[in-house]
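Chemist: I would like the atomic coordinates for the input below:
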Amino acid sequence: MRGVASKVFLAASALMLSEGGFAAADDAGLYAKPVDPNSSFVRIVDPQATSVVIAGLSLNDLDQGLSPYVIVKPGEIEMSVGLEKATLKTEPGKYYTYARTADGRQKFYVDAVKDDPSKAQVYLYNLSDLHMADLFVPAAKTIALKDVAAGEAGVVLLRAPLALSFAIQSDGKTVLETATVDLKRRSGFSIVLTGTSGNYHVVAVENHLHQ
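Modeler: Numbering: from 1, shown residues only. Alright, predicted model coming up:
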């Protein structure tokens with residue numbers, strides 16, 4: 001099982017923007033909520049799915065193909081999307097994302113989590129066939145995440161609260177742009193890129209725990 005690419009850095013231009021009068025989002029916090037540190041957290045990403053099952057729990061409230069993280073006991077768990085099933089061995093205190101890449105491979109990501117009281121975490125999952133994808137911040141004219149390979153993921157810490165849109169770039173050219181994302185302190189947001197052969201789709205969704 002391969003983890004999220006360790007491309008964690010602070011975008012200096014975004015730090016400047018945080019003090020420049022852009023619309024501020026309310027503070028919140030997926031990672032600030034008290035949870036059992038001995039639990040594991042598992043979710044499924046599938047833009048085509050309307051419902052999934054994680055450790056016996058049926059979820060029908062997917063947000064643009066992303067389920068909330070489900071709190072599970074560490075160990076081996078089963079999950080399913082339609083007729084497709086998968087098994088994952090989890091460890092205490094870790095966050096996991098299950099997805100399928102553009103070439104049909106099942107992939108488990110270990111989502112790097114850093115609880116910073118002044119920042120939000122933004123994840124980019126490149127589930128498309130783009131060889132490399134960059135996460136660009138148009139307002140700051142800077143690349144927040146660079147060279148996220150097909151089938152891989154990256155995460156960046158950005159100052160919050162802050163409202164930003166993002167662009168997916170490849171070879172310096174913009175492929176798609178997201179809607180405005182209201183970044184909140186101690187929260188996580190997932191940007192998921194899917195598609196093949198020039199037909200691409202991107203969603204930006206706030207991460208949540210199933211309650």
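Chemist: now the end-to-end length of stretch 196-211.
Modeler: Criterion Cα to Cα, to the nearest Å; first-to-last residue distance in stretch 196-211 is 35 Å.
Chemist: Stretch 88-100 now?
Modeler: End-to-end distance for stretch 88-100: 14 Å, by Cα to Cα.
Chemist: Show me which parts of it are buried, residue by residue.
Modeler: Within stretch 88-100, the residues scored as buried using 16 or more other Cβ atoms under 10 Å are 88, 90, 94-100. Heads up, the C-betas are built off the backbone N, CA and C, glycines and all.
Chemist: Show residues contacting it.
Modeler: 1, 37-46, 69, 72, 74-77, 79, 84, 86, 106-111, 113, 125, 127, 153, 190, 192 (Cβ atoms under 8 Å, 6 or more residues apart in numbering).
Chemist: for this structure, what spans make up the helices?
Modeler: 12-17 (DSSP state H).
Chemist: Retrieve the pLDDT associated with the residue nearest to residue 132 when sequence neighbours are not counted.
Modeler: Distances taken as Cβ to Cβ, 6 or more residues apart in numbering place residue 147 nearest to residue 132, at 4.9 Å, with adjacent residues excluded. pLDDT for residue 147: 98.
Chemist: burial of residue 147, as a residue count?
Modeler: For residue 147, the count of nearby residues is 14 (other Cβ atoms under 10 Å).
Chemist: what's the answer for the one 3 residues further on, then?
Modeler: Counted with other Cβ under 10 Å, the neighbours of residue 150 add up to 17.
Chemist: ok, now which ones touch the closest residue in space to residue 61 that isn't next to it in sequence?
Modeler: Once flanking residues are discounted, residue 61 sits nearest to residue 68: 7.4 Å by Cβ to Cβ, 6+ apart. Counting by Cβ under 8 Å, 6+ apart, residue 68 touches 43, 59, 61, 207-210.
Chemist: hmm, try it at 7 Å
Modeler: Contact analysis of residue 68 by Cβ atoms under 7 Å, 6 or more residues apart in numbering lists 43, 208-210.
Chemist: ok, of those, which one's closest to residue 200?
Modeler: residue 43 (22.1 Å; Cβ to Cβ).
Chemist: hmm, back to that, now, the contacts of residue 68 that are in strands?
Modeler: Among the contacts of residue 68, DSSP state E puts residue 43 in strands.
Chemist: Residue 120: which of the contacts of residue 68 is nearest?
Modeler: The closest of the contacts of residue 68 to residue 120 turns out to be residue 208 (Cβ to Cβ; 13.6 Å).
Chemist: per-residue pLDDT, the closest residue to the closest one other than its chain neighbours?
Modeler: For residue 208, ignoring the flanking residues on the chain, the nearest one in space by Cβ to Cβ, 6+ apart is residue 68 at 4.2 Å. At residue 68, the model reports a pLDDT of 95.
Chemist: Any idea how many residues pack against the nearest residue to residue 170 once chain neighbours are set aside?
Modeler: Of all residues not flanking residue 170 in the chain, residue 130 sits nearest, at 5.1 Å (Cβ to Cβ, 6+ apart). For residue 130, the neighbour count with other Cβ under 10 Å is 22.
Chemist: That concludes my questions; thank you for your assistance.
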